[in-house]
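Novice: After the sequence you'll find the predicted model.
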Amino acid sequence: MSDETRPDRYTLRPEPDDRARRFLIDYKEELNPSQYEAAVTHKGPLLVLAGAGSGKTRTLVFRVARMVEEGIDPASILLLTFTRRAAEEMLQRVEALLGSRCDRVTGGTFHSFANTILRRYAQLLGFANAFTILDRSDSEDVINLIRSRMGLDKKALRFPRKQTILEILSLAANKTCGVAAVLNEQFPHLLDELDELGQIADYYRDYKRERSLLDYDDLLSYLRELLRGHPELAERLSHTFRYIMVDEYQDTNRLQADIVRLLAHSHDNVMAVGDDAQSIYSFRGATVRNIFEFPDLFPGTKVIKLEENYRSTQPILDLSNEIILQAKESYTKNLFTRREAGIRPVLVEADSERYQSRFVGQKILELHESGVPLPEIAVLFRSSFHSFDLEIELGRRNLQFVKRGGFKFIETTHIKDVLAHLRIIANPQDAVSWYRVLLLLNGVGAKSSERILAHVLDAPDPFQGLAAYRGRGAVNTALKSLAEALQQARDEGLKPAEQLEVIVRYYEPILKHRHHDDYPKRQKDLEHFTIITERYRSLDRMLSDMALEPPTSSVDNVLATDGEDEGLLTLSTIHSAKGLEWNSVFIIWAVEGRFPSLYNKDDDELEEERRLMYVAATRAKENLFISYPINIYDRATGMLLNRPSRFLDGIPRRILTPVMLMEDDDE
């Protein structure tokens with residue numbers, strides 16, 4: 001070929017790789033080496049073992065940002081968390097980094113994700129997309145109704161209570177096993193009732209299905225059934241969500257692990273983040289086995305450990321590492337920090353519970369006087385009743401506190417009553433809510449409510465059926481008032497807050513009659529509920545949110561301990577404290593026989609108790625005080641409790657300083 005005919009040449013530059021690509025964020029600068037490795041590893045299964053305070057959330061946030069910057073479609077990213085707040089916080093932080101480019105990332109709880117998918121495809125399972133979600137109290141009401149119809153509610157029978165029955169059925173669902181297995185493992189004393197409990201389980205399942213009702217466990221069970229039974233849909237969802245991240249993987253149950261495996265079957269791009277040392281929710285059906293078995297579920301898993309702690313001083317981490325080092329099975333981690341200086345944790349022996357309370361009260365005052373704000377101090381305990389004596393002591397010292405525990409906002413009777421009316425408006429076939437609403441009326445008992453309910457649900461329009469029902473005297477008047485309120489509240493032109501106001505006006509006389517002693521406090525809850533509802537434009541969305549992620553505190557509880565401007569001291573069970581942190585932490589009742597309990601003899605139970613101690617210790621940033629009373633007589637066993645918890649016994653003095661309390665006039 002001559003020079004005249006030879007074509008000109010144009011040289012193509014090498015395609016840019018990740019090292020040459022320009023990112024808005026300097027990821028290496030923002031993250032430590034382990035966090036960075038997790039943030040840039042996107043293909044294949046990845047298990048990130050995130051020690052306490054190691055920047056787990058930061059790693060997740062920057063990983064999402066990195067994927068979007070690399071050109072991965074945000075709509076293909078699914079972030080599953082255990083609370084809606086956690087998902088919202090992560091997505092807000094990603095948005096702060098990259099702006100609206102991340103708007104299409106899907107984030108939420110397992111249950112909310114299941115709700116979204118089932119709302120679209122429930123008909124494939126044979127029930128309507130417009131189902132109603134039962135919360136725990138609703139489910140207990142159904143169980144109670146079934147017990148009654150089966151004649152198992154007679155006191156002489158001593159049959160399990162509705163709460164226990166529901167707990168058994170829920171554990172069976174979350175552990176993906178039968179009722180018999182749950183009884184064998186956790187309720188052996190109820191094995192004689194196995195046949196009846198099995199019948200209740202069948203009746204309960206059919207009752208819900210016939211009425212388009214789902215409980216929390218159904219959301220997950222039916223999602224798994226949908227994915228297993230409809231491969232074409234599973235394939236579509238798997239291709240839609242090509243990058244899956246699961247937060248707090250150590251708290252998943254068998255059902256959730258199955259769902260993750262099914263959703264990822266076409267790509268295996270799953271990042272599970274968790275800490276086996278913080279798996280403490282087996283009573284909910286969670287299993288630490290999931291995080292141990294993740295590499296088996298996803299062959300070829302890459303494991304990254306986040307061990308640099310950004311919360312606690314090194315002396316606190318030394319104790320935490322020592323506690324978990326003795327675990328029978330664990331992923332080896334060694335938490336460290338650049339904050340090497342600090343006060344060594346102390347182990348306080350108290351002659352009695354009274355001495356323990358005096359120590360805690362006095363030390364809290366000393367910390368506060370030295371500049372530690374009360375909201376930066378927490379007292380943690382294994383069981384709620386462990387704080388009763390301390391609460392009296394704190395009151396004597398005028399130390400105000402908030403205690404994490406008790407009834408949740410959504411579980412209070414008056415909120416449940418009002419929600420039942422709204423659920424009827426959203427789903428007129430909701431027999432559970434009808435039953436609750438009818439029983440609020442004077443003169444209406446269990447039998448008459450069933451007669452009214454049958455009439456109402458047999459009518460073409462249940463609301464008209466209610467209006468047409470004729471009862472006797474006062475009952476008829478009460479039914480008429482109820483019918484008028486429901487008819488007014490079902491107006492499609494009303495917003496959810498306006499519908500609630502109608503129901504509250506109707507309900508207030510009932511509230512005053514049924515809760516005369518504390519009517520004003522309960523009324524404040526209803527006022528707070530109205531404020532919450534104002535943010536919604538859809539009643540269905542509001543009811544779903546209330547069922548999936550309800551508000552957790554009652555105004556009554558807050559006002560009862562409302563303190564000065566400096567805020568409140570926190571008392572909390574360890575289970576409720578997970579994920580939180582304080583400057584100074586007290587762990588009380590760390591005595592053998594109470595922590596761990598005398599009744600936890602199974603190896604798995606004892607190992608979870610050890611993890612509880614680890615979680616409690618890792619909540620502290622600067623100061624950690626652990627106390628145990630001695631000379632405690634256990635009436636059930638006749639034993640005298642005198643030793644510190646086995647999880648602390650034998651830890652060297654260079655890590656944990658022993659302290660003995662003494663009176664001022666003692667030598």
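Specialist: Alright, I've got the coordinates.

Novice: C-alpha from now on. contacts and neighbour counts both.
Specialist: Fine.

Novice: Show me the beta-bridge partners of Ile304.
Specialist: Val48 (DSSP bridges).

Novice: mind listing what it touches?
Specialist: Contacts for Ile304 (CA atoms under 8 Å, 6 or more residues apart in numbering) come out as 34, 37-38, 46-49.

Novice: Just after the helix or strand bottoming out on mean pLDDT in the chain, pick out the following helix or strand.
Specialist: Within the chain, no helix or strand scores below helix 555-560, which has a mean of 36 by mean pLDDT, DSSP states H and E. Sequence-wise, the next helix or strand downstream of helix 555-560 (DSSP states H and E) is strand 569-573.

Novice: for that following strand, packing partners?
Specialist: Contacts defined by 3 or more CA pairs under 8 Å, 6 or more residues apart in numbering; DSSP states H and E place strand 569-573 against strand 377-381, strand 401-404.

Novice: Make TSV from the contacts of Ile304 and add distance to Ser170, neighbour count and pLDDT to it.
Specialist: Shown next, in TSV, are the contacts of Ile304 (distance: CA to CA, whole Å; neighbours: other CA atoms under 10 Å; pLDDT from 0 to 100):
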residue	distance to Ser170	neighbour count	pLDDT
Ser34	38	16	96
Glu37	38	18	97
Ala38	35	24	97
Leu46	30	24	97
Leu47	28	25	97
Val48	29	24	97
Leu49	29	26	96
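
Novice: Make TSV out of those and add distance to Met245.
Specialist: Listed next are the contacts of Ile304 as TSV, based on distance: CA to CA, whole Å:
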residue	distance to Met245
Ser34	17
Glu37	15
Ala38	11
Leu46	9
Leu47	10
Val48	10
Leu49	13
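
Novice: Report the mean confidence score over the strand or helix carrying Thr477.
Specialist: Secondary structure from DSSP H and E places Thr477 in helix 473-489. In this model, helix 473-489 carries a mean pLDDT of 89.

Novice: so what secondary structure elements neighbour the helix or strand hosting Leu91?
Specialist: For Leu91, the host element (DSSP H and E) is helix 84-98. In terms of contacts (3+ CA pairs under 8 Å, 6+ apart), helix 84-98 is packed against helix 56-69, strand 77-81, strand 106-109.

Novice: how about the CA coordinates for the last one, as CSV?
Specialist: Included here for strand 106-109 are C-alpha records, laid out as CSV according to Å, rounded to 0.1, in the frame of the first residue of the first chain:
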residue,chain,number,x,y,z
THR,A,106,-34.0,1.1,47.5
GLY,A,107,-33.6,1.1,51.3
GLY,A,108,-35.7,-0.3,54.1
THR,A,109,-36.4,-3.1,56.5
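
Novice: From the chain's centre, how far out is it? Work that out for me.
Specialist: Relative to its parent chain, strand 106-109 has a centroid offset of 14 Å by CA atoms, centre = their mean, to the nearest Å.

Novice: Check the longest one too.
Specialist: On the basis of CA atoms, centre = their mean, helix 56-69 sits 23 Å off its chain's mean C-alpha point.

Novice: do stretch 569-584 as well
Specialist: For stretch 569-584 - counting by CA atoms, centre = their mean - the centre lies 15 Å from the chain centre.

Novice: distance between the ends of that stretch?
Specialist: Using CA to CA, to the nearest Å, the end-to-end distance of stretch 569-584 comes out at 11 Å.

Novice: Show me which residues of it are buried.
Specialist: Using 16 or more other CA atoms under 10 Å as the test for burial, stretch 569-584 gives 569-575, 577-578, 581-584.

Novice: Tell me which two in these are the farthest apart.
Specialist: The two members of the buried residues of stretch 569-584 with the most space between them (CA to CA) are His575 and Asn583, at 18.5 Å.

Novice: how about low-confidence regions in the stretch 351-500 of the chain?
Specialist: 405-410 (pLDDT under 70).

Novice: host element of His42?
Specialist: Using DSSP H and E, His42 is not contained in any helix or strand.

Novice: confidence score at the closest residue to Gln35 other than its chain neighbours?
Specialist: Nearest non-adjacent residue to Gln35, counting by CA to CA, 6 or more residues apart in numbering: Thr59, 5.6 Å away. Looking at Thr59, its pLDDT stands at 96.

Novice: any idea which helix is longest in the protein?
Specialist: helix 496-514 (DSSP state H).

Novice: Give me the packing partners of whichever helix or strand comes after it, helices and strands only.
Specialist: Per DSSP H and E, the first helix or strand lying C-terminal to helix 496-514 is helix 519-533. Contact partners of helix 519-533 among helices and strands, from 3+ CA pairs under 8 Å, 6+ apart: helix 413-426, helix 496-514, helix 555-560.

Novice: closest to Leu367 out of those?
Specialist: helix 555-560 (23.9 Å).

Novice: how many neighbours does Asp8 have?
Specialist: Neighbours of Asp8 under the rule other CA atoms under 10 Å: 7.

Novice: next one: Arg354
Specialist: Count around Arg354 with other CA under 10 Å applied: 13.

Novice: Quickly find the element holding it.
Specialist: Per DSSP H and E: helix 353-369 holds Arg354.

Novice: got the angle for that helix vs strand 569-573?
Specialist: 140 degrees (axes from the mean of the first three to the mean of the last three CA atoms, to 10 degrees).

Novice: What are the buried residues along helix 353-369?
Specialist: Buried residues in helix 353-369 (16+ other CA under 10 Å): 353, 355-361, 364, 367.

Novice: And stretch 200-208, by the same measure?
Specialist: Within stretch 200-208, the residues scored as buried using 16+ other CA under 10 Å are 200-201, 203-204, 207-208.

Novice: Next: stretch 179-189.
Specialist: Buried, per 16+ other CA under 10 Å, within stretch 179-189: 179-183.

Novice: Just send the buried residues of stretch 569-584 back as JSON lines, with distance to Leu511 and pLDDT too.
Specialist: Conversion of the buried residues of stretch 569-584 to JSON lines gives the following (distance: CA to CA, whole Å; pLDDT from 0 to 100):
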{"residue": "Leu569", "distance to Leu511": "32", "pLDDT": "94"}
{"residue": "Thr570", "distance to Leu511": "31", "pLDDT": "94"}
{"residue": "Leu571", "distance to Leu511": "31", "pLDDT": "93"}
{"residue": "Ser572", "distance to Leu511": "31", "pLDDT": "92"}
{"residue": "Thr573", "distance to Leu511": "32", "pLDDT": "90"}
{"residue": "Ile574", "distance to Leu511": "35", "pLDDT": "93"}
{"residue": "His575", "distance to Leu511": "33", "pLDDT": "90"}
{"residue": "Ala577", "distance to Leu511": "33", "pLDDT": "91"}
{"residue": "Lys578", "distance to Leu511": "36", "pLDDT": "89"}
{"residue": "Glu581", "distance to Leu511": "39", "pLDDT": "95"}
{"residue": "Trp582", "distance to Leu511": "39", "pLDDT": "97"}
{"residue": "Asn583", "distance to Leu511": "42", "pLDDT": "97"}
{"residue": "Ser584", "distance to Leu511": "42", "pLDDT": "98"}
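
Novice: Now tabulate those residues in TSV and tack on distance to Ala547.
Specialist: As requested, the buried residues of stretch 569-584 are exported to TSV (distance: CA to CA, whole Å):
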residue	distance to Ala547
Leu569	30
Thr570	27
Leu571	27
Ser572	24
Thr573	24
Ile574	25
His575	21
Ala577	23
Lys578	22
Glu581	28
Trp582	30
Asn583	34
Ser584	35
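
Novice: which one among those gets closest to Gly274?
Specialist: Lys578 (12.8 Å).

Novice: Verify the contact between that closest one and Ala617 for me.
Specialist: No: judged on CA atoms under 8 Å, Lys578 makes no contact with Ala617 at a distance of 10.6 Å.

Novice: Output the below-cut-off pLDDT ranges for the stretch 501-650 of the chain.
Specialist: 516-518, 528, 549-566, 600-601, 635-636.
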